[in-house]
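Colleague: I'd like to go over a predicted model; first the sequence, then the structure.
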Amino acid sequence: MKILALDLGTSSVRGLVLDADANPLPGALARRKVHLATGDDGSGTLDGPRYLACLAECLDELAAGGHLRDVELVAASGQWHSVVPLDVGGEPLGPVLTWLDTRPAPPAGTPGPADPAAFHQRTGAWWHRCYWTMRLPWLRERASAPVARFAGLVEYVFGALLDEAPMSISMASGTGLLDLCRLDWDAEACELAAVRPGELPALATVDWRGRLRPAHARRWPQLADARWCPPVGDGAASNVGSGCVDPTRAAVTVGTSAAVRLIQPLPAGVELPPLPDQLWRYRVDHDHVVTGSAYSSGGNLFAWANRELRLPQGAELEAALARVQHGRVTANPRLGGDRPPGLLPAGSGALHGLGFGTTAVDILAGLMTALCQLVADDLTLLESGVEKPAEVVLGGGAMAASLWWRQAFAAALAPRSVRHQRNPEIGATGAALVALGRVAGAARIGGIGRTDERNPPNAVVRS
């Protein structure tokens, strides 16, 4: 059996084929970059139809290479918090709002939750611009035509491809509208969102499996009989793909953005443990929750610096970073604003300690080190709910690319043990393991090694 794993990210769409143990098969990877439109007004949007076309191109490429033969299962990792208004025909009434968009604001005179602490405990979220509680009224007010329903980016894409596309419990938990214990839409959250019956996606059952629509089955006949599993939120999938699936091990993932997270077994209906005020909590699946903190800055810090500061490249950059004097430049890395519960808008980044001797590499080091410290502070808070400090596993494309950044994280997170997951496709791998029902088994995943490896291989290596 083979598994097709889709990673529906913010900067790219990827499709890769894995074996029955969720190990990536050599050469079976297709990737398309997508354009994230950002502006000084705090916008951060994607073009839904173009995104769907990019995914189709990935599937075409994999099919042409013969990689889709014997695929029986399709798993997916998708970005939490995205939302797009749809018309009666399921067509977008505007661009997709991503997690990066900071424009939504509460309607005038709306008081918010009656008991914010209880609301946070039930939903794992806050009444915040990142969540559908605030996003849906804002989008409805600006839609060019009446809104028939709302969907996340994943549900929009799957709705176009599959015979039906209910929202997985994992993706629903990222909307801020889900009661995490009952696994149903929260009445107060829906009232805040001013959303009517039928305007939200149906929720997928634990045993839901989708099938391609006939037209798409003809385009990709190798997938005609494949079963499509409920998608997994990108953060949850990354934890599983990093081997961080219980409270003894925390994942620090740096892709376009960054996050620190812990997974705990917690079946539906079981009372939720207390949630610290500054942390969110979402669902991995019906049996596990993930708790953590996220940041709008990550690999995009490096991308910005690389674009604007004329940095040296490759080994030359790593060598220059190694020579930087620690603390020469300090920074606020919130170039993209705050993720919840913070409220700082986009454009809140700052640099301190600049002088005529300051180099572009000094600035980059200051930004990257500042993110390390944010993560370290929040990990301390996250560990307050577990018995002892966690081992940390670094993962994501940005971690695979920079030895210096891995070592900066290791220094910031000391004295904890800090290791590195060498597989750059942790999201897709994690989604496949969730689809296989092997979350707990991911603790034994291969590919975890030292942070000082200079050229970590881009594949899972069995330990």
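Modeller: Okay, I see it.
Colleague: residue ranges with poor pLDDT in this structure?
Modeller: Applying pLDDT under 70 to the chain flags the ranges 455-463.
Colleague: remind me, longest helix of it?
Modeller: Looking across the chain with DSSP state H, the single longest helix is helix 360-382.
Colleague: any idea which helix or strand comes after it?
Modeller: Later in the chain than helix 360-382, the nearest helix or strand by DSSP states H and E is strand 391-395.
Colleague: run through the neighbouring helices and strands of that following strand.
Modeller: Helices and strands touching strand 391-395, by 3 or more CB pairs under 8 Å, 6 or more residues apart in numbering; DSSP states H and E, are strand 249-254, helix 403-413, strand 418-421. In this view, the C-beta of every residue, glycine as well, is placed from N, C-alpha and C.
Colleague: give the next helix or strand downstream of the shortest one.
Modeller: This means strand 418-421. Past strand 418-421, the next helix or strand by DSSP H and E is helix 426-435.
Colleague: what lies in contact with that following helix?
Modeller: Helix 426-435 has contacts (CB atoms under 8 Å, 6 or more residues apart in numbering) with 3, 5-7, 9, 14, 16, 18, 22, 24, 73, 75-77, 170, 229-232, 234, 236-242, 253, 255, 284-285, 395-396, 423, 439, 441-442, 445, 460.
Colleague: picking that back up, pick the most buried one from the helices and strands packed on strand 391-395.
Modeller: strand 249-254 (a mean of 28; mean count of other CB atoms under 10 Å).
Colleague: adjacent strands (with direction) for it?
Modeller: Applying DSSP bridges, strand 249-254 is found paired with strand 258-265 (antiparallel), strand 391-395 (parallel).
Colleague: pull whatever helix or strand comes next after the first one out as PDB, backbone CA atoms only.
Modeller: What that stands for is strand 258-265. Next helix or strand after strand 258-265 toward the C-terminus (DSSP H and E): strand 280-283. Taking Å, rounded to 0.1, in the frame of the first residue of the first chain, the C-alpha atoms of strand 280-283 are listed here in PDB:
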ATOM      1  CA  TRP A 280      -4.200  27.800  22.800                       C
ATOM      2  CA  ARG A 281      -5.500  24.300  22.500                       C
ATOM      3  CA  TYR A 282      -6.800  22.500  19.400                       C
ATOM      4  CA  ARG A 283      -7.500  18.900  18.300                       C
END
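Colleague: on contacts alone, who are the packing partners of the host helix or strand of residue 315?
Modeller: Using DSSP H and E, the element containing residue 315 is helix 314-322. Counting contacts by 3+ CB pairs under 8 Å, 6+ apart, helix 314-322 packs against helix 360-382, helix 403-413.
Colleague: and the longest helix of the chain, what does it pack onto?
Modeller: strand 249-254, strand 258-265, strand 288-295, helix 299-308, helix 314-322, strand 330-332, strand 350-352, helix 403-413.
Colleague: just put these in a markdown table and tack on distance to residue 159.
Modeller: Output for these, formatted as a markdown table (distance: least, CB to CB, whole Å):
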| stretch | distance to residue 159 |
| --- | --- |
| strand 249-254 | 28 |
| strand 258-265 | 27 |
| strand 288-295 | 25 |
| helix 299-308 | 29 |
| helix 314-322 | 42 |
| strand 330-332 | 40 |
| strand 350-352 | 42 |
| helix 403-413 | 38 |
